[in-house]
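A.B. asks: Okay, sequence plus prediction incoming.
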Amino acid sequence: MKFKEKFVKKYEKLTNFEEYKNSVENNFARKSVKINTLNYSVNSVRKSLEKDGWILKKIPWCNNGFFIEHETGRRDIGNSDQHKKGMIFSMGAPSMIPAQYFKYGVRSKFLDMCAAPGGKTLNIACLMGGKGYLKANEPNGFRRNILKINMERCGVEKIKFDAQKGEDYLCSEKFDGILLDVPCTGSGLIKGKTAKTKKLLKEWNPKVVEKYARLQKKILRRAYSCLKKKGRIVYVTCSLEPEEDENLIESFLKDHTDCKLIKPARLNGYKIKSGLKNYIKIWPQYYDTNGLFIAVIEKN
Ligand SMILES: C[S@@+](CC[C@H](N)C(=O)[O-])C[C@H]1O[C@@H](n2cnc3c(N)ncnc32)[C@H](O)[C@@H]1O
């Protein structure tokens with residue numbers, strides 16, 4: 001695995017580089033699935049998967065999320081009957097965290113502003129439990145189709161779709177919760193000796209990081225203008241770059257004094273290991289998963 005010199009210099013300051021390097025060089029990200037509790041019970045799906053030879057291990061921070069392996073070593077959970085029927089959604093374990101930081105009420109309105117393929121949209125839908133209002137926005141037509149297919153497969157019926165660019169988003173209504181899983185460099189997805197890792201390492205460069213940070217800032221500002229008072233933005237990237245993560249949020253908060261940072265609480269009584277105090281930043285070496293950054297912002 002070839003790390004650019006600039007990358008190494010930067011990452012050595014951000015984390016224990018040896019641990020990081022060992023983790024991303026030696027392992028694939030652990031496979032995991034979230035059970036679609038909108039239409040199925042955790043026990044019935046668990047039994048069905050186990051009958052087919054899948055071995056499930058509970059993810060501590062998510063009641064209906066499991067690390068999953070197969071007794072034969074196969075990794076294609078996406079080809080399983082349970083996946084086809086919409087009983088499960090294959091997603092990284094850290095991705096099951098963000099939706100849990102919203103407050104859910106029977107009439108709450110949610111917007112998922114960068115939604116495809118829809119893993120986190122499903123998480124929100126499950127926590128809404130069929131109540132309230134959910135809109136999923138995705139500007140890329142091809143990805144929006146996948147989002148719609150996934151929502152249909154999982155039986156998410158009470159949902160509206162939108163197709164706007166986040167940075168220009170026009171809202172005729174305000175929301176109690178906005179999920180911003182923004183487009184990013186994806187540096188947290190460097191994991192395992194895969195073609196994707198190779199591409200990410202080859203394309204990594206500080207200019208690209210800055211380009212994404214500029215877009216993310218614009219998207220965050222639009223989301224803010226669509227947020228109700230007391231509403232929350234859960235900002236997420238699969239990047240580990242401070243410019244796209246904590247630095248961006250700090251700069252946003254300086255300009256928006258009516259917003260405050262909410263320190264992410266324990267989930268299921270479980271304290272999620274984070275590289276930062278007031279945010280969640282999961283490095284790949286912590287849980288043998290992809291990396292993820294989460295910030296929770298509330299409007300006064
Ligand atoms: C990290 S992915 C979202 C993953 C999704 N939340 C999930 O959990 O399945 C980011 C998404 O943002 C979309 N996107 C790209 N540019 C955008 C923009 N300017 N505004 C809003 N969304 C954008 C991408 O097409 C992509 O689907």
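C.D. replies: Structure's in. What do you need?

A.B. asks: Give me the contacts around the longest helix anywhere in the chain.
C.D. replies: Using DSSP state H, we find that the single longest helix of the chain is helix 206-225. Outside helix 206-225, the residues within contact range by Cβ atoms under 8 Å, 6 or more residues apart in numbering are 6, 111, 113-114, 166-169, 171, 178, 180, 182-185, 233, 235, 237, 239, 241, 243-244, 247-248, 251-252, 256, 259, 299. For glycine as for every other residue, the C-beta is placed from the backbone atoms N, C-alpha and C.

A.B. asks: can you give me how far it is from the chain middle?
C.D. replies: Centroid separation for helix 206-225 versus its chain: 17 Å, with Cα atoms, centre = their mean, to the nearest Å.

A.B. asks: immediately after it, which helix or strand?
C.D. replies: Moving toward the C-terminus from helix 206-225, the next helix or strand (DSSP states H and E) is strand 227-237.

A.B. asks: Okay, angle between that following strand and helix 206-225 too, please.
C.D. replies: Note on geometry: by axes from the mean of the first three to the mean of the last three Cα atoms, to 10 degrees, strand 227-237 and helix 206-225 are set 160 degrees apart in direction.

A.B. asks: Tell me which other helices or strands strand 227-237 touches.
C.D. replies: Applying 3 or more Cβ pairs under 8 Å, 6 or more residues apart in numbering; DSSP states H and E, one finds that strand 227-237 contacts strand 175-181, helix 206-225, strand 292-299.

A.B. asks: Just list what the first one packs against, helices and strands only.
C.D. replies: The elements that strand 175-181 packs onto, with contact taken as 3+ Cβ pairs under 8 Å, 6+ apart, are strand 109-112, helix 119-128, helix 206-225, strand 227-237.

A.B. asks: now for these, which one comes closest to the ligand?
C.D. replies: helix 119-128 (3.7 Å; Cβ to the nearest ligand atom).

A.B. asks: List only buried entries from the contacts of helix 206-225.
C.D. replies: 111, 113-114, 166-167, 169, 171, 178, 180, 182-185, 233, 235, 237, 239, 241, 243-244, 248, 252, 259, 299 (16 or more other Cβ atoms under 10 Å).

A.B. asks: In three-state terms, label F66 for me.
C.D. replies: Secondary structure assignment for F66 (DSSP: H, G, I helix; E, B strand; the rest coil): strand.

A.B. asks: how close does the residue nearest to D81 when sequence neighbours are not counted get to H70?
C.D. replies: Distance criterion Cβ to Cβ, 6 or more residues apart in numbering; nearest residue to D81, sequence neighbours excluded, is D52 at 7.5 Å. D52 sits 8 Å away from H70, taking Cβ to Cβ, to the nearest Å as the criterion.

A.B. asks: who's more crowded, these two?
C.D. replies: Neighbours of D52 and H70, each counted by other Cβ atoms under 10 Å, are more numerous for H70; the result is 16 against 12.

A.B. asks: can you map out the helices along this structure?
C.D. replies: Counting by DSSP H, the segments of the chain that form helices are 5-14, 17-26, 42-51, 81-84, 119-128, 141-153, 195-203, 206-225, 246-255, 284-287.

A.B. asks: if we compare the ones you listed, which one ends up closest to R107?
C.D. replies: With Cβ to Cβ as the measure, helix 119-128 is the member of the helices of the chain nearest R107 (10.5 Å).

A.B. asks: and that closest one, anywhere near the ligand?
C.D. replies: Yes - residues of helix 119-128 contacting the ligand under Cβ under 6 Å from any ligand atom: G119, K120.

A.B. asks: which secondary structure elements does that helix contact?
C.D. replies: Looks like helix 119-128 contacts strand 32-35, strand 88-90, strand 109-112, strand 133-137, helix 141-153, strand 175-181 (3+ Cβ pairs under 8 Å, 6+ apart).

A.B. asks: would you turn the ones you listed into a markdown table with distance to P264?
C.D. replies: Listed next are these as a markdown table, based on distance: least, Cβ to Cβ, whole Å:
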| stretch | distance to P264 |
| --- | --- |
| strand 32-35 | 19 |
| strand 88-90 | 22 |
| strand 109-112 | 18 |
| strand 133-137 | 22 |
| helix 141-153 | 26 |
| strand 175-181 | 14 |
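
A.B. asks: Identify the spatial nearest neighbour of the most centrally placed residue in the chain, chain neighbours not counted.
C.D. replies: Central residue of the chain (Cα atoms, centre = their mean): S95, 3.8 Å from the mean position. Using Cβ to Cβ, 6+ apart and skipping residues adjacent in sequence, the residue nearest S95 is G119, 5.6 Å away.
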